[in-house]
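**Student:** got a sequence here, can you model it:
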Amino acid sequence: MSLGSTQQSFDVCYAAEGIGSGFNLAWTLLPGNTALRMGMNSSAHGYVSFGFPPNPEPDTGAMIGATALSLQSCSSCPTGAQLAQWFLGGTASGQMSPSNNLQVSNVTAVALPGGGMAASFILQLPEGQDPADTDFILAAGAVYGNGAMRKHQTYGQINIDLTTGTLGEEPEVNSIAVSALVAAHIWLLIIGWGVCIPCGVVVARCLKGLDPLWFHVHRALQSLGFLMGVVGLGLGFAIAGGWDGLFPVHRNLGLAATILGLFQIIAVIPRLRPSLVSRYRRTWNLYHWWQGRAAVVLAVANIYYGMINIQALGAGAWGAYTAVFGVIVASAIAMDGYKYVQLPPPGLSKKVHGSGFPLNKAGQDNGFSNLPGGITPDGTATPGTVTPATGYGSTVQLVSQA
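**Tutor:** Coordinates of the predicted model:
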């Protein structure tokens, strides 16, 4: 087995087919049958691991309560790889903790030229372990940007005679589409919270002149974005293996944005939304606008947190999203600016003739040409006329006196 510039030989080699990529375990049983000189390698980055399941094995399976050795990529390590020991306290990524249950010595771990990694070490077998009847659990997967291990993509269990390398039974191999789940999680949240919902905010703010089209587009974008966000949040918990994941900040930001978004559903229910003429409408508007904006800020911040601190996607990925989000923000600023410059000059907005009607931007008295019959620009009625006038929900008559 190659460890960079050196070669090591072992008595037995087991190729863990279906677990990771090019994962091999090799060993020589040392005199006394209580220790192994071992080697392990992989043709890909990420991690490969093996461990001893708890004895007796609990109903929860061979993983929970096991202790495992993991050969994993390590960008901060001088050799580019490390051999780490973990106690598996549960199925969630946050339930793994460093361990020293296994006695390991003479450790060498290196990243190999052209990809892959390898390690050699001496492992003391657990007390009472029969070398001729040994159970191993195996797993392989990717690592996060900070070096922590993701949930395994492939895993299995073998029973093996360490003295001969003979398998006691057919190996058990399973796989989980973790990469597909991660990709779906990323795209759902970027498109939902990162594009659809901000676009919906811009539509509501800048396109109210297209009534009622703006409202239907706004509602559709927000509903679609929120639905995608909820599905993406669920996938996040599935990837992390439950509540106790490795990234509580990412989890909490996502939950906060989702809860704020959930309260925005009130805006979709007509009976819970004050009418336009209600005295509570202004208060409701402030609640609706600023709670929605807070949700967007939290969600977009969480998108950047995930791309930079968890996925380590690089400047290209977050730069591309920044460009898309920048176009959305710039569009809102441009439309707001256009509406502002279309306002009449301040000097033309004064009232004239004592009528209470402001001049429009062309200098004409707004509303004069549309006054009901018998009403003059100064607000009085022509003597002897009866003029109907409408208000909110009622009709009155203005009767002039001769």
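**Student:** tell me which element W86 falls in.
**Tutor:** Here W86, judged by DSSP states H and E, is contained in strand 81-88.
**Student:** now do that strand: everything it contacts.
**Tutor:** Contacts to strand 81-88, defined as C-beta atoms under 8 Å, 6 or more residues apart in numbering, come from residues 49, 51, 63-74, 95-102, 104, 107, 109-111, 117-119, 121, 149. Glycine gets a C-beta too; all of them are placed from N, C-alpha and C.
**Student:** which of those are buried?
**Tutor:** Neighbour counting with 16 or more other C-beta atoms under 10 Å marks 49, 51, 63-74, 95-96, 99, 102, 109-111, 117-119, 121, 149 as buried within the contacts of strand 81-88.
**Student:** show the contacting residues for N33.
**Tutor:** 125, 131, 163.
**Student:** how much space is there between it and L162?
**Tutor:** Per C-beta to C-beta, to the nearest Å, N33 is found 8 Å from L162.
**Student:** do T79 as well
**Tutor:** For T79, the distance to L162 - C-beta to C-beta - is 27 Å.
**Student:** so which of these two has more stuff around it?
**Tutor:** Per other C-beta atoms under 10 Å, whichever of T79 and L162 has more neighbours is L162, with 22 against 14.
**Student:** the closest residue to the more buried one other than its chain neighbours: how many residues sit nearby?
**Tutor:** What sits nearest to L162 in space, not counting adjacent residues and going by C-beta to C-beta, 6 or more residues apart in numbering, is P131, at 4.2 Å. A total of 17 residues lie near P131 under the criterion other C-beta under 10 Å.
**Student:** can you check the one 10 residues further on too?
**Tutor:** G141 has 22 neighbours, counted by other C-beta under 10 Å.
**Student:** hang on, isn't it packed against Y47?
**Tutor:** Yes - counting by C-beta atoms under 8 Å, G141 touches Y47, with 6.0 Å between them.
**Student:** so for these two, which residues contact both of them?
**Tutor:** M149.
**Student:** quick check: L29 vs R150, distance?
**Tutor:** As judged by C-beta to C-beta, L29 and R150 stand 33 Å apart.
**Student:** oh, that last question was meant for T6, not what I typed.
**Tutor:** 30 Å.
**Student:** next: A323.
**Tutor:** Applying C-beta to C-beta to A323 and R150 gives a distance of 28 Å.
**Student:** looking at those two now, which is surrounded by more residues?
**Tutor:** Higher neighbour count among A323 and R150: R150, with 20 against 9, using other C-beta under 10 Å.
**Student:** next one: the more buried one from W289, what distance?
**Tutor:** Counting by C-beta to C-beta, the gap from R150 to W289 is 39 Å.
**Student:** in strands, which of the buried ones among the contacts of strand 81-88 fall?
**Tutor:** 49, 51, 67-73, 96, 109-111, 117-119, 121 (DSSP state E).
**Student:** name the helix or strand for N302, please.
**Tutor:** Residue-wise, N302 maps onto helix 281-305 under DSSP H and E.
**Student:** counting contacts, what elements does that helix pack onto?
**Tutor:** Helices and strands touching helix 281-305, as assessed by 3 or more C-beta pairs under 8 Å, 6 or more residues apart in numbering; DSSP states H and E, comprise helix 178-191, helix 197-206, helix 248-263, helix 315-341.
**Student:** highest mean neighbour count out of these?
**Tutor:** helix 197-206 (a mean of 20; mean count of other C-beta atoms under 10 Å).
**Student:** how far does it sit from its chain's centre?
**Tutor:** 21 Å (C-alpha atoms, centre = their mean, to the nearest Å).
**Student:** and that helix with helix 248-263, angle?
**Tutor:** 40 degrees (axes from the mean of the first three to the mean of the last three C-alpha atoms, to 10 degrees).
**Student:** next, the angle helix 281-305 makes with helix 197-206.
**Tutor:** Using the same axes, to 10 degrees, helix 197-206 lies at 150 degrees relative to helix 281-305.
**Student:** looks like A299 contacts I197 (just checking).
**Tutor:** Yes - between A299 and I197 there is a contact under C-beta under 8 Å: 7.2 Å.
**Student:** mutual contacts of these two, please.
**Tutor:** Common neighbours of A299 and I197 (C-beta under 8 Å, 6+ apart) are 229, 261.
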